[in-house]
Structure formats: structure tokens, C-alpha cells
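[1] predicted structure and sequence below. I'll ask about it afterward.
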Amino acid sequence: ALAAALQYIYVNPQWNTRVFGLLSAHLMNGKQPTRRTGMSLWEIFVLAQVRLCMNSSYDELQHIANHDTLIRGIMGVLPSDLSRGKEYSYQNIYDHIALLDEGLLQELDEVMVAMGHEVFPKKEKTADVGVALPCKTDSFVVKTATHFPPITTCCGTVHISALIYVSRFTDDRFFNSFIIK
């Protein structure tokens, strides 16, 4: 589902411009474009979405970015020949994904939800897409008949078992007074 959503954003100019507008406004604000190797805005967006959707660590994200052909194809770094293509270091991924603050992620989330409303419209047409969807939930109590022995019974059993075990190695007259027969 994530790959289909990312593909839809990339090929649809309406959503593409909104996402790139948000990313460039937050990440490129006051910065001059350089010729250094790094990550494009699209690569940052794809890896950030993969990390959020898969709840993965940066180590897992580095593995996905370097070895998952589907994600590399979506990012546009899949080589067309037998070369390895672009490689991502852990620090490069961490530095770029960490640039996405909570406010930017919230704005991107709103864009993704609005895109989802367009792709999967509600049966009843509403004028305002920004209205939260009402959700219905159902809960019930499952009755169980689980009976636990009292803690004194458990401790008493362990105590008696320990005394019987120790009595094998010592004088039986001393421990016979403690053991209930």
C-alpha cells in the first residue's frame, strides 16, 4: 500500500507539488543548493515514509535503502546496469531524516490523508475533506473462569519440597519435625 501511495504522489502533479512544496519550504529554507552528494527531497520523503510506516530503526532503514529493490526503484536510484548504484550510509540517512520535525510530519500526514480521500472517496459526498472520519468501535467483556491458587499454597509447596530435598543429605530426625506426613 505504501509503494502504491508513493507512486500515486509521484505521478500526480497535484499531490507532487504539494509534497515537494512542503519539503522544500521546511528543508531548503535559506539554504543554497550545493553540488555535494546527498539525498534529494524525494529520497528523504520516501525513506521517511518507509520509516514511519514500518516503524523501523535507522539500521533497518539503511538496509532497506541499500538493498530493497522496490524502495530503491521508487526513490529512482535503482541502477539499470549491473553496478551497485547509489549507496546510503547510516549517518547520511540519519542526518536527512532527522530534518523532518513534528510539524512537517503533521503537514505531510494531512496531505496523505487528503490524497487518500481522493483515491478512496466516501460513499456520501461531502464538501469538506478536512472533516475527521467518524469511527465505530465495539467492545465486549470475555468471561473467564481462571482460578489461581493462593500464594501461601505455592510457597508452602516450595518450602516443603526444599525441606524434603535437604533432608536427603542430612540427619532425618531434625527435618522430620518440619515435614507434615
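    Here it is on my side, so go on.
[2] so what does the helix or strand containing Y8 touch, helix or strand wise?
    According to DSSP states H and E, Y8 maps onto helix 2-11. Using 3 or more CB pairs under 8 Å, 6 or more residues apart in numbering; DSSP states H and E as the contact criterion, the elements in contact with helix 2-11 are helix 13-27, helix 41-54, helix 69-75, helix 102-119. In short, each C-beta sits where N, CA and C put it, glycine included.
[3] of all the residues in the next helix or strand after the second one, which ones are buried?
    Proceeding N to C from helix 41-54, the next assigned helix or strand is helix 58-67, under DSSP H and E. Neighbour counts over helix 58-67 (16 or more other CB atoms under 10 Å) mark Y58, L61, Q62, I64, A65, N66 as buried.
[4] repeat for stretch 8-24
    Applying a neighbour-count criterion of 16+ other CB under 10 Å, the buried positions in stretch 8-24 are I9, Y10, W15, R18, V19, F20, L22, L23.
[5] picking up where we left off before, give me whichever of the helices and strands packed on helix 2-11 is most buried.
    Most buried of the helices and strands packed on helix 2-11, by mean neighbour count (mean count of other CB atoms under 10 Å): helix 41-54, with a mean of 19.
[6] okay, how far is it across stretch 81-97, tip to tip?
    Across stretch 81-97, the terminal residues are separated by 28 Å (CA to CA, to the nearest Å).
[7] now do it, average pLDDT.
    When pLDDT is averaged over stretch 81-97, the result is 85.
[8] could you do stretch 1-10 as well?
    When pLDDT is averaged over stretch 1-10, the result is 86.
[9] which residues touch it?
    Contacts made with stretch 1-10 from outside it, assessed by CB atoms under 8 Å, 6 or more residues apart in numbering, are listed as 15-16, 19, 42, 46, 49-50, 53, 70-71, 74, 112, 115-116, 119.
[10] how much space between P121 and R84?
    Separation of P121 from R84 (CB to CB, to the nearest Å) stands at 43 Å.
[11] those two: who's more crowded?
    When neighbours are counted by other CB atoms under 10 Å, P121 and R84 differ, and P121 comes out ahead with 11 against 8.
[12] could you say which helix or strand holds that one?
    Under the criterion of DSSP H and E, P121 resides outside all helices and strands.
[13] so who does T69 touch?
    For T69, the set of contacting residues under the criterion of CB under 8 Å, 6+ apart consists of L78.
[14] go with 10 Å
    Contacts here follow CB atoms under 10 Å, 6 or more residues apart in numbering; on that basis T69 touches L78, G85.
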